[in-house]
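Asker: Below: sequence and its predicted model.
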Amino acid sequence: MVHVAVAGGTGHVGRAIVQGLIDSQEHQVYVFTRKPTSVFDHLPAVNIIVISYDGQDEIQNVLDKHEIEVVLSTVSPAGSAAFDAQVRLIRACSNSESVKRFAPSEYLIDLEREEEYQPFMPMLTFQRNIVKELRSHPNLEWTLFHNGYFMDYFGQPWAPTTMPSEVPFVDIEACQATIPGSGDDLAVWTHTTDVAKFVSRAISMKPGTWKEHSWIIGDKASLHEILRAAEKARGTKFRVAYDSVEKLKGGEVTPIPGNKAHAALYSTPEFDAYPLVLSMFAGIGTAIVSGHLDVPESESLNAEFPDIKTIKVVEFIEECWTGKQP
């Protein structure tokens, strides 16, 4: 069994990946956390290691002590403190005698490809610099897992998920939608449980076979397809606004009610996250109309593991929302 450590494993994406690793029964799973936690009390196979990311030597000692072979980081990429912690983690992995592979906290899309997203997504600088750091450690095999957008959000609040409240363009609960561009551009949507399945299988790939970019495709659908499924499930027509490419590139997006709940998760008395959330969706909308949330299946891990069956977004919406009347 491969010894796998999930840094930030008590977080939203981290918990989903840990569950998937345990379900596979193929790996010895460790969770790195800054403080004691009861999150995984129901999973006795998970080994909890309390660790500070402040010292590179301390991290390296822990890695070697437990003979960790693969490190998956799900530490939030937002902020300089998290960036510095992930850099120390990468350097400790590179110097470790046991670690052979590393995957940073990436997901979503290939964030290196377009500079136009930079004004809307402040975390891009940190994520791009993480990739630069990885390229400076040729002895460490690494990959960036990309899964498009998390499908889980379309099932909230009805479907179980570890993900926080978020509404990507189609607010099924409020029966409203904001559509970037024409609404016909395909995008990849992947449920966290499917992300975990592919990550688990990728860990078992032969050494030297990881590519820089590992795409995971749960399903492909346009926002028009998602809107039609949502309207059918709710039994009503939604109020729909369309944002032009020019508007999106200007950092603007038409708000929907779910944006407020999303922003509330990150707002403080001193900081209102609402404008940042709207700006972020302007960037994501730009990515969708640019085709950057679409990818050929031949270039994905789906081609490597065709036996993995994934959740389909239209079926997921119908299952979660049919009968939930406005």
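Answerer: Everything's here; your move.

Asker: Can you report how many residues neighbour Leu89?
Answerer: Close neighbours of Leu89, defined as other Cβ atoms under 10 Å, add up to 28. Where C-beta positions appear, they are placed from N, C-alpha and C, glycine not excepted.

Asker: what are the ranges of the strands in the stretch 101-250 of the chain?
Answerer: Remark: strands assigned in the stretch 101-250 of the chain by DSSP state E, counting those that start in this stretch are 101-103, 141-142, 144-146, 149-150, 170-171, 176-180, 186-190, 213-215, 219-222, 239-243.

Asker: would you turn those into a markdown table with distance to Ser200, mean neighbour count and mean pLDDT?
Answerer: Below are the strands of the stretch 101-250 of the chain laid out as a markdown table (distance: least, Cβ to Cβ, whole Å; neighbours: other Cβ atoms under 10 Å; pLDDT from 0 to 100):
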| stretch | distance to Ser200 | mean neighbour count | mean pLDDT |
| --- | --- | --- | --- |
| strand 101-103 | 12 | 23 | 97 |
| strand 141-142 | 17 | 20 | 98 |
| strand 144-146 | 11 | 23 | 93 |
| strand 149-150 | 17 | 22 | 95 |
| strand 170-171 | 30 | 24 | 98 |
| strand 176-180 | 33 | 23 | 97 |
| strand 186-190 | 14 | 24 | 97 |
| strand 213-215 | 12 | 21 | 93 |
| strand 219-222 | 19 | 19 | 98 |
| strand 239-243 | 37 | 15 | 98 |
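
Asker: Tell me which of those strands lies nearest to Asp41.
Answerer: Asp41 lies closest, by Cβ to Cβ, to one member of these: strand 149-150, at 25.2 Å.

Asker: Next, Ile48: secondary structure please.
Answerer: What DSSP: H, G, I helix; E, B strand; the rest coil gives for Ile48 is strand.

Asker: which residues does it bridge with?
Answerer: Counting by DSSP bridges, Ile48 forms beta bridges with Val31.

Asker: returning to that earlier point: mind putting the strands of the stretch 101-250 of the chain into a markdown table with distance to Leu89?
Answerer: Converted to a markdown table, the strands of the stretch 101-250 of the chain look like this (distance: least, Cβ to Cβ, whole Å):
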| stretch | distance to Leu89 |
| --- | --- |
| strand 101-103 | 8 |
| strand 141-142 | 12 |
| strand 144-146 | 15 |
| strand 149-150 | 23 |
| strand 170-171 | 36 |
| strand 176-180 | 35 |
| strand 186-190 | 25 |
| strand 213-215 | 19 |
| strand 219-222 | 32 |
| strand 239-243 | 38 |
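
Asker: and Glu252, which of those strands is closest to it?
Answerer: Comparing these under Cβ to Cβ, the one sitting nearest is strand 239-243, at 7.3 Å.

Asker: Quick one: closest of the strands of the stretch 101-250 of the chain to Ile90.
Answerer: strand 101-103 (6.2 Å).

Asker: Off-centre distance for the helix or strand of the chain with the lowest mean pLDDT?
Answerer: In the chain, no helix or strand scores lower on mean pLDDT, DSSP states H and E than helix 123-135, which sits at a mean of 81. Put simply, helix 123-135 sits 16 Å off its chain's centre (Cα atoms, centre = their mean, to the nearest Å).

Asker: Mind giving me the packing neighbours of that helix?
Answerer: If you count contacts as 3 or more Cβ pairs under 8 Å, 6 or more residues apart in numbering; DSSP states H and E, helix 123-135 packs onto helix 80-95.

Asker: Now the phi/psi pair for Ser73, please.
Answerer: phi -100, psi 130 (degrees, to the nearest 10).

Asker: distance of it from Pro306?
Answerer: 28 Å (Cβ to Cβ, to the nearest Å).

Asker: Neighbour count: the two, which is higher?
Answerer: Using other Cβ under 10 Å as the criterion, Ser73 and Pro306 rank with Ser73 on top: 25 against 9.

Asker: residues contacting that one?
Answerer: Residues near Ser73 by Cβ atoms under 8 Å, 6 or more residues apart in numbering: 7-8, 86, 89, 102-105.
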